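Undergrad: This is a predicted model, with the sequence first.
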Amino acid sequence: TLPVSYIMGSLLIISAGILRKICYRTLGRFFTFELSIQREHRLITKGPYSFVRHPSYTGTLLLTIGLFLMHGNPDSWLRTSGVLEFIPLRILLLGWGGVAFVLTVGLFARAAQEDRLMRDRFGEEWDRWASGVRYCIVPGIY
């Protein structure tokens with residue numbers, strides 16, 4: 001049988017993918033990987049953006065947690081198969097874990113940057129929306 005942490009991790013990863021896809025569709029042409037304001041830019045406040053200000057980052061956080069749950073638990077294939085005895089793979093995975101951690105923490109800084117950019121552009125409209133959508137990434141927490 002599969003470990004509970006593997007199942008939970010898988011569900012988080014699937015949820016993350018669905019959430020990010022919904023975010024991309026909701027943003028439409030306003031989605032970019034760079035922080036930017038586009039011509040005729042509108043503030044998107046519907047769909048997942050009515051729950052948290054940066055739901056795509058929520059998805060990234062869920063993905064990272066899911067991957068660690070799947071592969072970091074003592075009963076995972078990664079731990080029980082013996083492949084971690086191969087030192088170069090262990091180093092690679094530790095490096096990946098470090099990069100994933102740094103990038104995930106960086107999302108919080110990027111969210112703050114994005115909030116400033118949007119507030120500067122949309123002013124009172126952003127203030128009204130942000131007062132109703134108080135959390136940046138994690139509903140009820142941050």
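TA: Nice, thanks for sending it over. Worth saying up front: this structure is predicted, and the values here are computed from it rather than measured.
Undergrad: looking at this structure, which helix or strand is least sure?
TA: helix 77-80 (a mean of 87; mean pLDDT, DSSP states H and E).
Undergrad: and after that helix, which helix or strand comes next?
TA: helix 87-122 (DSSP states H and E).
Undergrad: Any idea how far that following helix is from the middle of the chain?
TA: 9 Å (CA atoms, centre = their mean, to the nearest Å).
Undergrad: Give me the buried positions along it.
TA: Judged by neighbour count using 16 or more other CB atoms under 10 Å, the buried positions of helix 87-122 are Thr104, Leu107, Ala111, Glu114, Met118, Arg119, Phe122. From N, CA and C alone the C-beta is placed, and that goes for glycine too.
Undergrad: what does stretch 61-74 give?
TA: Neighbour-count burial for stretch 61-74 [16+ other CB under 10 Å]: Leu61, Leu62, Leu63, Thr64, Ile65, Gly66, Leu67, Phe68, Leu69, Met70, His71, Asn73.
Undergrad: hmm, which two among these are most spread apart?
TA: Leu61 and Asn73 (18.5 Å; CB to CB).
Undergrad: Which residue lies nearest the spatial centre of this structure?
TA: By CA atoms, centre = their mean, the mean C-alpha position of the chain lies nearest to Thr60, the distance being 2.0 Å.
Undergrad: quick one, what contacts the residue nearest to it when sequence neighbours are not counted?
TA: In space, Thr60 comes closest to Leu107 once its chain neighbours are excluded; the distance is 5.9 Å by CB to CB, 6 or more residues apart in numbering. Contacts here follow CB atoms under 8 Å, 6 or more residues apart in numbering; on that basis Leu107 touches His54, Tyr57, Thr60, Leu61, Ile137.
Undergrad: hmm, who's touching the least confident helix or strand of the chain?
TA: With CB under 8 Å, 6+ apart, helix 77-80 has contacts from His71, Gly72, Asn73, Leu84, Leu93.
Undergrad: what sits against the last one?
TA: With contacts taken as CB under 8 Å, 6+ apart, Leu93 has the following neighbours: Leu78, Leu84.
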